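**Q** 3D model of this:
(one chain, ligands or ions: 1)
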Amino acid sequence: MRVDIISIFPEYFAPLDVSLMGKARDRGILDIHLHQLRDWTHDVHRTVDDTPYGGGPGMVMKPEVWGEAIDAVIAEALAGGADAAGPSVPGAGEARADLGVPGEAGDEAAHEGLLLPRMIVPTPSGRPFTQEVALEYAKEPWLLFAPARYEGIDSRVMAEYGSRLRVDEVSIGDYVLAGGEAAVLVMVEAVGRLLPGVLGNAASVADDSFAPGAMENLLEGPVYTKPPSWRGHDVPEILLSGHHGKIARWRRDEALRRTAAKRPELLARLDPEGLDKRDRQV
Ligand code: 6GU
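**A** Presented below is the predicted three-dimensional model:
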């Protein structure tokens, strides 16, 4: 997957070099390109914002700068990535794929003839980012994130690109961040860990809280490791029993109990068809 991020703080994304995302990048599964928005300004102060029409507090990000930045980033990616080593976008990289250059991230997705990125604009006024949305993004070969500072981006930018690409305005929760950068980190990590080959154990994705299927609308219950007793706290005996059927049943009970206690509104969303008699007793 190719990911482009345009921001006035590209250095904010240093954590993507670390841990699971760092490994995914080293392996060529995640191909992240960071861009400094101010590179597309033309004034000496490299201005990206201006006062809002209609008045009010704060500043709004200027449309011309974003427009030039997004056009340039897309054009550069389609041309094969001007920043040298970066593998090009799949589809645009047909020539590259035809050359049979092995081991490049571009090859892996060189199947679909993809032409344009899915554009994601983080904003507290967007649609909620959920595990379902993460799974949807994980299927995309190319994501372009446009995190804003200040009061947001001039709305005409979303209108303009909305007629050319899929543009999603997305919120990661009901609170306000100082800017969209932290939200992009959250989304890239949630999506990145779902990409094939990133997690050591693919089964762990299915067991996640919120995962479609058995864990849909359920919180994962408690987990334990050795030693069996620690500071007077014992691991629940059933987990040491070796009865896989009983253990699965216990885990489901715990998930139901925890969800009822911490997220009662999620319980209401459980599919009644998927509940058995035992579930109802929990
Ligand atoms: Cl995506 N952006 C900002 N600035 N604040 C947020 C958010 C996004 N999601 C929740 N709060």
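**Q** spell out which residues of the chain are next to the ligand.
**A** 122-124, 170-173, 175-177, 179-180, 183 (Cβ under 6 Å from any ligand atom). For every residue, glycine as well, the C-beta is placed using N, CA and C.
**Q** 5 Å instead, please
**A** Pro122, Pro124, Ser171, Ile172, Gly173, Leu177, Gly180, Ala183 (Cβ under 5 Å from any ligand atom).
**Q** need those in TSV (columns: secondary structure).
**A** What follows is the residues of the chain next to the ligand, written out as TSV (DSSP: H, G, I helix; E, B strand; the rest coil):
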residue	secondary structure
Pro122	strand
Pro124	strand
Ser171	strand
Ile172	coil
Gly173	coil
Leu177	coil
Gly180	coil
Ala183	helix
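**Q** who's in contact with the closest residue to Arg46 other than its chain neighbours?
**A** Nearest residue to Arg46, sequence neighbours excluded (Cβ to Cβ, 6 or more residues apart in numbering): Arg38, at 4.1 Å. Listed by Cβ atoms under 8 Å, 6 or more residues apart in numbering, the contact set of Arg38 reads Ile8, Arg46, Val48, Val65.
**Q** buried only: go through those for me.
**A** When these are checked for burial by 16 or more other Cβ atoms under 10 Å, the buried set is Ile8, Val48, Val65.
**Q** out of those residues, who's nearest Gly28?
**A** Ile8 (28.1 Å; Cβ to Cβ).
**Q** quick one: buried residues of the helix ranked longest in the chain?
**A** Looking across the chain with DSSP state H, the single longest helix is helix 244-262. With burial defined by 16+ other Cβ under 10 Å, the residues of helix 244-262 counted as buried are Trp250, Arg251, Arg252, Asp253, Glu254, Ala255, Leu256, Arg258, Thr259.
**Q** of the residues of the chain next to the ligand, which is the most crowded?
**A** The most neighbours of any of the residues of the chain next to the ligand, using other Cβ atoms under 10 Å, belong to Gly180, which has 28 neighbours.
**Q** with adjacent residues omitted, what lies nearest to that one?
**A** Nearest non-adjacent residue to Gly180, counting by Cβ to Cβ, 6+ apart: Pro147, 2.9 Å away.
**Q** if I read this right, the one you found contacts Phe13, doesn't it?
**A** No. Counting by Cβ atoms under 8 Å, Pro147 stays clear of Phe13, with 9.7 Å between them.
**Q** so Thr123 touches Tyr150, yeah?
**A** No. Contact between Thr123 and Tyr150 fails when scored by Cβ under 8 Å: they sit 11.5 Å apart.
**Q** of the two, which one has the most company?
**A** Neighbours were counted for Thr123 and for Tyr150 using other Cβ under 10 Å; Thr123 has more, 21 against 16.
**Q** please name the nearest non-neighbouring residue to that one.
**A** Nearest in space to Thr123, with sequence neighbours left out and distances taken as Cβ to Cβ, 6+ apart, is Glu169 at 5.1 Å.
**Q** over to that neighbour. Which of the three states is it?
**A** Secondary structure, three-state DSSP: Glu169 is strand.
**Q** one step back: in helices, which of the contacts of Arg38 appear?
**A** With helices taken from DSSP H, the overlap with those comprises Val65.
**Q** would you format the contacts of Arg38 as TSV with pLDDT included?
**A** As requested, the contacts of Arg38 are exported to TSV (pLDDT from 0 to 100):
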residue	pLDDT
Ile8	98
Arg46	98
Val48	98
Val65	98
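**Q** ok so the residue nearest to Arg46 is a helix residue?
**A** Yes. Under three-state DSSP, Arg38 sits within a helix.
**Q** tell me how far it lies from Asp49.
**A** Using Cβ to Cβ, to the nearest Å, we find Arg38 at a distance of 11 Å from Asp49.
**Q** I'd like the mean pLDDT over stretch 258-267, please.
**A** On average, the pLDDT along stretch 258-267 is 95.
**Q** ditto for stretch 175-183
**A** For stretch 175-183, the mean per-residue pLDDT is 97.
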